[in-house]
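**Student:** Fold the following and give me the result.
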Amino acid sequence: MGEGFYPERAEPFDVLAPLEEMAETARAYARGAKADNTNRAYAADWRHYLGWCARFGVEPLPPDPQAIGLYLAHCASTPSAGRTEPASVKTIERRLSGLVWGFNQRGQPLDRSDRHIQEVLAGIRRKHGRPPSRKEAVLGEDIIRMVDQLDRDTLSGLRDRAILLLGFAGGLRRSEIVGLDQGPKQTEEGRGWVEILEQGLLLHIQGKTGWREVEIGRGSSDLTCPVVALTTYLRLARIEHGPLFRRTSRDGRRIGLDRLSDRHVARLVKKTALAAGVRADLPEEERRRRFSGHSLRAGLATAAEADERHVQKQLGHASAEMTRKYQRQRERFRVNLTKAAGL
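**Tutor:** Numbers count the residues shown, from 1 in each chain. Below is the predicted model:
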């Protein structure tokens with residue numbers, strides 16, 4: 001080493017500001033580790049727990065497994081304000097996850113495997129557990145009737161046609177639909193973008209299992225083609241940058257700058273399915289409960305007459321078992337392992 005390689009005395013410098021910047025960057029990455037809906041739900045769960053603690057004089061910090069067990073039992077036996085029934089098992093399990101998140105955010109981890117928590121939770125599952133309720137799948141003929149309910153003379157109608165057709169053909173989650181941008185890295189909150197090719201659309205989607213590419217080919221008719229629907233909407237709305245699906249003026253004729261909420265997709269599916277008479281054999285109230293944004297995703301899995309591996313890839317599932325759960329009318333026993341084994 002030559003002389004002067006190490007300075008005799010380090011110059012003073014301020015490390016506090018860079019560390020604060022790095023801490024904020026780390027917090028931003030941590031917030032981005034979960035979907036916005038999950039973050040909102042966990043924040044609401046934490047507020048609910050704080051309200052319970054205030055009501056019964058319990059100190060929320062540090063985490064007390066016995067207090068958490070009492071809280072879960074209260075959720076399972078007492079309706080929350082404005083509700084007529086106690087929380088479902090699914091909601092209670094999510095609330096526990098929300099509390100784990102909340103305690104971790106405050107640097108005081110909660111051991112959810114503690115017996116005071118697990119024994120209460122096991123009892124709740126045993127007494128109140130029910131088979132999971134699944135949303136109704138909308139099939140190809142249903143989607144055709146649903147898009148017919150929408151106005152083709154307004155930007156809002158053209159936008160909603162594109163949402164239904166794209167969401168169905170891509171088997172997309174509602175957050176994935178509204179998270180699309182016109183191109184890559186155009187907005188901070190974007191969760192993917194679209195490429196318009198001669199053969200169809202190529203969607204780059206950041207989903208629960210990471211990035212995936214979703215291919216959407218052209219339809220057999222322009223009236224039901226998701227490619228035509230999207231390109232027509234983008235051309236007439238003059239969208240060349242930023243979010244694809246945006247809010248419109250009240251009359252539906254002027255496009256705005258703000259991205260749609262994913263709740264719009266759920267309301268759109270419900271509204272058009274009811275108007276189109278999908279599952280008209282059911283009572284009206286039952287029909288209202290049956291349809292949501294998830295109906296598009298389940299619909300593709302059920303309606304697509306293709307190799308299961310292709311459906312699994314399109315939906316972004318990590319396992320074929322998860323894909324089968326989405327197939328509402330799957331042909332069971334298509335593969336008979338009993339006969340294949342020689343019996």
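
**Student:** quick one: the strands in this structure?
**Tutor:** Assigned by DSSP state E, the chain shows strands spanning 180-181, 192-196, 200-207, 210-217, 246-248, 255-259.

**Student:** Adding distance to residue 79, mean pLDDT and mean neighbour count as columns, could you present those in TSV?
**Tutor:** C-beta: built from backbone N, CA, C; applies to glycine. Formatted as TSV, the entries for those read as follows, by distance: least, Cβ to Cβ, whole Å; pLDDT from 0 to 100; neighbours: other Cβ atoms under 10 Å:
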stretch	distance to residue 79	mean pLDDT	mean neighbour count
strand 180-181	39	96	22
strand 192-196	39	94	18
strand 200-207	35	90	18
strand 210-217	39	87	15
strand 246-248	35	96	18
strand 255-259	35	95	14
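
**Student:** Turn the ones you listed into JSON lines, including distance to residue 298.
**Tutor:** Supplementary listing: those in JSON lines, determined by distance: least, Cβ to Cβ, whole Å:
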{"stretch": "strand 180-181", "distance to residue 298": "20"}
{"stretch": "strand 192-196", "distance to residue 298": "20"}
{"stretch": "strand 200-207", "distance to residue 298": "16"}
{"stretch": "strand 210-217", "distance to residue 298": "16"}
{"stretch": "strand 246-248", "distance to residue 298": "26"}
{"stretch": "strand 255-259", "distance to residue 298": "25"}
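
**Student:** mind checking how far stretch 115-125 is from the chain centre?
**Tutor:** On the basis of Cα atoms, centre = their mean, to the nearest Å, stretch 115-125 sits 28 Å off its chain's mean C-alpha point.

**Student:** Name the single longest helix found in the protein.
**Tutor:** Once the chain is assigned using DSSP state H, the helix that runs over the most residues is helix 36-56.

**Student:** which helices and strands does that helix pack with?
**Tutor:** When contacts are defined as 3 or more Cβ pairs under 8 Å, 6 or more residues apart in numbering; DSSP states H and E, helix 36-56 packs onto helix 65-77, helix 89-105.

**Student:** how about 10 Å then?
**Tutor:** Here helix 36-56 touches helix 16-32, helix 65-77, helix 89-105, helix 174-178, helix 262-275, going by 3 or more Cβ pairs under 10 Å, 6 or more residues apart in numbering; DSSP states H and E.

**Student:** Low-confidence bits of the stretch 1-150 of the chain, can you list those?
**Tutor:** Residue ranges of the stretch 1-150 of the chain with pLDDT under 70: 1-17, 19-20, 23-36, 131-133.

**Student:** can we see that at 80?
**Tutor:** In the predicted model, the stretch 1-150 of the chain carries pLDDT under 80 at residues 1-37, 81-82, 130-135.
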